[in-house]
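J.: would you be able to build a 3D model of this:
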Amino acid sequence: MKNRNKIIRFFLCIFLFILASCNGKNEKEIIIFHAGSLSVPLKQITREYMKSNPGINIKLEGAGSVACARKITEIGKPCDILATADYKVIEKFLMPEYTDWNIWFATNEMVIAYHDKSAYSDIIGPDNWHEILGNDDVVFGRADPDADPCGYRTVMLFKLASEYYGNEKLAAKLIVKDVNMIRPKGVDLVALLETKALDYIIEYRSICEQHGLQYIKLPPELNLSDPNFENLYGSVSVDITGNKPGEKLKIKGSSMIYGITLLDDAPNRKEALDFLYFFLGERGRDILRGNGQSPISLYLSGNTDNIPEKILGIFKR
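T.: Here you go, the predicted structure:
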């Protein structure tokens, strides 16, 4: 199976190379699949990188992190770099068939975003948000758990809130409410909130800061951002669609950690490697930080024997 997928992807890469040659393109193209929550910082990082590296064109393709992984595993789309909102997506969907390693590089937190005209916006806060979202005259949106980590983290948030607020029916009530407002990725909800089609959205803090949204911060016991509550977060889990028809993958709660990797059969491996080095460097981390995306100390996961020396050098400096 692994060899067959690699053969299919190899010929797809050859086809794209020939197509580019026929069009007279001399520039190298780096293909990056990425979490929707990385769209804004990645646009800034790639713009700066291409400015100082003429002849390089970077193609960004954003989606829910799980959906990004499935483009590789199910469709066989060529990809150089995968950047996800949850490192576990890389480990569960791509390792070891498509890559052997994974770098953890940033964190985030869950918040509740709203606008001035949201129902009960004058009274909502970190102590009563769960009650307000459950009201019949309130409409909220969330991401799809099967496509986006923001979606399954929202379900985890609801489950943690049931315990935290002592209401065992809370999670079940919120999970079945407003299901028609579920979207493929969290960032898709922003426009619905801005046009006031929704009262509230469950979102990442970085997205709210990038788009100037008002939001309510949640207790650390709920927001999935604090490693000190790792055991508490791990007490809940969500089943999402797996790699095969009818298969389910259990995702256990944990503090948020973003992951990034270079695919084994990256079409433009050298160029992608150079960009990844820049992304993980100080300038890339500064841009992430400026967009409300908190960098963490880089951590290397997986089989370190197959990691390019250039990337290993980041951990030695």
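
J.: residue contacts, Ile182?
T.: Applying C-beta atoms under 8 Å, 6 or more residues apart in numbering to Ile182 gives the contacts 141-144, 151. Just so you know, the C-beta spots here come from the backbone N, C-alpha and C atoms, and that holds for glycine as well.

J.: tell me the pLDDT at it?
T.: Ile182 carries a pLDDT score of 98 in this model.

J.: same check on Leu12?
T.: Reported pLDDT for Leu12: 56.

J.: so which helix or strand takes in the nearest residue to Asp144 once chain neighbours are set aside?
T.: Once flanking residues are discounted, Asp144 sits nearest to Gly151: 4.7 Å by C-beta to C-beta, 6 or more residues apart in numbering. Element membership of Gly151, judged by DSSP states H and E, is helix 149-164.

J.: quick one: buried residues of that helix?
T.: 149-164 (16 or more other C-beta atoms under 10 Å).

J.: residues contacting the residue lying closest to Ile307 once chain neighbours are set aside?
T.: The spatial neighbour of Ile307 that comes closest, neighbours along the chain excluded (C-beta to C-beta, 6+ apart), is Trp101 at 5.0 Å. Contact analysis of Trp101 by C-beta under 8 Å, 6+ apart lists 95, 261, 300-304, 306-307.

J.: for PyMOL, write the selection for the buried entries among those.
T.: To isolate the buried members of those in PyMOL, using 16+ other C-beta under 10 Å:
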select buried, resi 95+261+301+302+307
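
J.: out of the contacts of Trp101, which comes closest to Ser39?
T.: Using C-beta to C-beta, Thr261 is the member of the contacts of Trp101 that lies nearest Ser39, at 18.5 Å.

J.: tell me the secondary structure at the closest one.
T.: With DSSP: H, G, I helix; E, B strand; the rest coil as the basis, Thr261 sits in strand.

J.: shouldn't it be in contact with Leu82?
T.: Yes: between Thr261 and Leu82 there is a contact at 5.6 Å, judged by C-beta atoms under 8 Å.

J.: give me the common contacts of the two.
T.: The contact sets of Thr261 and Leu82 overlap at 90, 94, 99 (C-beta under 8 Å, 6+ apart).

J.: contact partners for the residue nearest in space to the middle of the chain?
T.: Nearest to the mean C-alpha position of the chain, by C-alpha atoms, centre = their mean, lies Ala85 at 2.5 Å. Neighbouring residues of Ala85 by C-beta under 8 Å, 6+ apart: 35-38, 65, 108, 148-150, 204, 256, 258.

J.: tell me where this protein has strands.
T.: Assigned by DSSP state E, the strands in the chain fall at 28-35, 56-63, 81-84, 101-107, 110-114, 140-143, 182-183, 200-204, 214-217, 237-241, 248-252, 258-262, 294-302.

J.: Ala171 is nearest to which of those strands?
T.: When the strands of the chain are compared by C-beta to C-beta, strand 237-241 sits nearest Ala171, at 10.6 Å.

J.: on that earlier part again, in TSV: the shared contacts of Thr261 and Leu82, plus neighbour count, pLDDT and distance to Asp286.
T.: Shown next, in TSV, are these (neighbours: other C-beta atoms under 10 Å; pLDDT from 0 to 100; distance: C-beta to C-beta, whole Å):
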residue	neighbour count	pLDDT	distance to Asp286
Ile90	26	98	24
Leu94	23	97	28
Thr99	22	97	26
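
J.: got those as a markdown table, with distance to Val190 columns?
T.: Output for those, formatted as a markdown table (distance: C-beta to C-beta, whole Å):
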| residue | distance to Val190 |
| --- | --- |
| Ile90 | 25 |
| Leu94 | 28 |
| Thr99 | 30 |
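
J.: in helices only, show me those residues.
T.: Ile90 (DSSP state H).

J.: wait, which of the shared contacts of Thr261 and Leu82 is closest to Gly284?
T.: Ile90 (18.2 Å).

J.: the closest one contacts Ile103, doesn't it?
T.: No: counting by C-beta under 8 Å, Ile90 stays clear of Ile103, with 9.3 Å between them.
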